[in-house]
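Peer 1: Any chance you can model this:
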Amino acid sequence: MADAIRNAMTGIFDSNYPWICSILLLIIVILLILIIARMCTTSNCISPSVTRVDFRTYRLPSGIHEPKVHRTAAAPASGSNASSQFVSSVTQLPGSVNMPETTPLLSENVKRMIESIQCYQERQESGGCGLVNFANSCYINSALQCLCHIRSFTDIILSIQEKYQRHLTPISSAYAQLLTKMKSLPRSSTTAYELKACLSSVNQRFSTADQQDSHEFLTTLIEAMHDELMDNYQDGSIDDLMHGTIRSVVKCNECLDESYTDQSFLSLPISVHQSETTTSLSGMYQQFAGFLSAFIGRSISLDDCFERLFSVEQLNEGAHWFCSKCQKLTKVTKTFHLEHVPRVLILQLKRFSNDLTDDTKVKTKVSFKHQLDLQKFMNRCELAQSWLYTLVAVVVHEGTLTSGHYTAFARHLDNECWHHFNDEDVSPASSKKVLTSDAYILVYERR
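Peer 2: Numbering: from 1, shown residues only. Coordinates of the predicted model:
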């Protein structure tokens, strides 16, 4: 019986083998299609509560705040502005659930956040506010740009303004208002007319429309604010920050007895000596020789100027000194050294004669560096400290004393970038351009 059934089935499969294979293959294909369809449906419908959004345009729900970050906006791709701005709606895809609308308060918070980011970007990209030239005021503008870029001095003035805002003195108030306005206009320009008018009460020379000396304006302004704060509030912050002491030592060649005199300074004058080729000429050829000094004479470095200032000087034969110990006139030597240097060091390169009738300018090239080390010029008792200074601003003078032009270089307060301030025009400047400029005033700060 079993053999009969086996033979019958064998006959059926042998005769219908192609047909059965086709049926099985079709069933397998149908099963595969069903499995793939099920997988696709599952991936799209995992949870009906999940919303697919574009995180570049997503707004946080009420009560959740984004962290404050600083970022630099990248240039948008061609033909698309989506990456450079926030949109007011959430990107929706088919099958997604609508998000609740943003509350007005959240919209204001996001708006303020965007504005703060844009303001930060502007400050980073801009060198700062320019100052309009009114009536030959370039000497004022260059001095103010230097002063505004001294962080420690800026911090003092703003803190004083906050502390004494109802009773701030006239010149300090005018400067603080100008400083605040300049900080709020990083890509624009303003004028220092009100500050000039206030300072004219201290020095009538600044009341005219004539060009004056930038160094004189700078020191007069600092001293005026110092006097106001001391007289009204007994606040000596400016004095502590910017005043130093230089000591003159006279030594008798016979008994070796020494006497000294201390002198306070706000700005340290540095003599700029002309090269031998230039100093050998006189009269009407002096100015022409000064013009050619960069080509026919040697340049000097700031270190050379310091070495000369603090070197031992043998007084001339006729310059006898009465020695209190020897009780007679004797020959003496004279030296200078720094007894105390301030945190902010202002150096004036003396390129002009003290005689107002002579506007001859010493045009000898003076090289300087970003770093200045004064340790070897200090008194021995202060050698244990660090006296390394960093350049923060430079005033440049072009032309003669009576018909010239002042500009300034200053380092940005928020980064290491340098900018050139030519009145209202502000432009980036390379480090090389700063260090090769014809400096008249150098401002260093000890870190």
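Peer 1: Could I get the full set of strands for the stretch 201-350 of the chain?
Peer 2: Per DSSP state E, counting those that start in this stretch, the stretch 201-350 of the chain carries strands over the ranges 244-252, 258-265, 267-271, 300-301, 313-314, 321-323, 328-330, 332-340, 344-350.
Peer 1: Tell me which of the ones you listed is the most buried.
Peer 2: Highest mean neighbour count of those: strand 344-350, a mean of 22 (counted as mean count of other Cβ atoms under 10 Å). (Each C-beta comes from the backbone N, C-alpha and C, glycine too.)
Peer 1: who does whichever helix or strand comes after that strand touch, helix- and strand-wise?
Peer 2: As assigned by DSSP states H and E, the chain's next helix or strand after strand 344-350 is strand 366-367. Packing partners of strand 366-367 (3 or more Cβ pairs under 8 Å, 6 or more residues apart in numbering; DSSP states H and E): strand 300-301, helix 302-309.
Peer 1: Tell me how many other residues crowd His215.
Peer 2: 24 (other Cβ atoms under 10 Å).
Peer 1: Now do it against Lys325, distance only.
Peer 2: Look at His215 and Lys325: by Cβ to Cβ, to the nearest Å, they are 40 Å apart.
Peer 1: one step back: so for Ser237, which of the helices and strands packed on strand 366-367 sits nearest?
Peer 2: Ranking the helices and strands packed on strand 366-367 by proximity to Ser237 (Cβ to Cβ) places helix 302-309 first, at 27.7 Å.
Peer 1: Give me the residues contacting that closest one.
Peer 2: For helix 302-309, the external contacting residues (Cβ atoms under 8 Å, 6 or more residues apart in numbering) are 270-273, 336, 347, 349, 366-369, 372, 374, 377, 442.
Peer 1: State the next helix or strand along the chain beyond the helix or strand that contains Glu108.
Peer 2: Using DSSP H and E, Glu108 sits in helix 104-125. Counting by DSSP H and E, the next helix or strand C-terminal to helix 104-125 is strand 130-131.
Peer 1: Any regions of the stretch 151-300 of the chain where pLDDT drops low?
Peer 2: Counting by pLDDT under 70, the low-confidence segments of the stretch 151-300 of the chain come to 165-167, 274-298.
Peer 1: if you set the cut-off to 50 instead, what comes out?
Peer 2: 276-286, 288-297 (pLDDT under 50).
Peer 1: can you map out the helices along it?
Peer 2: Using DSSP state H, counting those that start in this stretch, the helices found in the stretch 151-300 of the chain span residues 151-163, 170-184, 193-199, 214-233, 237-242, 276-279, 285-296.
Peer 1: And those helices: which comes nearest Val394?
Peer 2: So among the helices of the stretch 151-300 of the chain, helix 214-233 is nearest, using Cβ to Cβ, at 11.3 Å.
Peer 1: Now do the buried residues in that closest one.
Peer 2: Judged by neighbour count using 16 or more other Cβ atoms under 10 Å, the buried positions of helix 214-233 are 214-229, 233.
Peer 1: Compute the inter-axis angle for that helix and helix 170-184.
Peer 2: 110 degrees (axes from the mean of the first three to the mean of the last three Cα atoms, to 10 degrees).
Peer 1: List the contacts of helix 214-233.
Peer 2: Everything outside helix 214-233 that qualifies as a contact, by Cβ under 8 Å, 6+ apart, is 138-140, 142-143, 146-147, 157, 160, 164, 167, 169-172, 175, 195, 199, 202-203, 205-206, 235-239, 242, 266-267, 346, 348, 395, 397, 406, 440-441.
Peer 1: buried sites along the longest strand seen in the chain?
Peer 2: Longest strand in the chain by number of residues (criterion: DSSP state E): strand 388-399. Residues of strand 388-399 classed as buried: Tyr389, Leu391, Val392, Ala393, Val394, Val395, Val396, His397 (neighbour count, 16+ other Cβ under 10 Å).
Peer 1: quick check, nearest of the residues you listed to Glu254?
Peer 2: Closest to Glu254, out of all of the buried residues of strand 388-399 and judged by Cβ to Cβ, is Tyr389, at 38.9 Å.
Peer 1: Disregarding residues adjacent in the polypeptide, which is nearest to that closest one?
Peer 2: In space, and not counting its chain neighbours, Tyr389 is closest to Tyr444: 3.7 Å by Cβ to Cβ, 6 or more residues apart in numbering.
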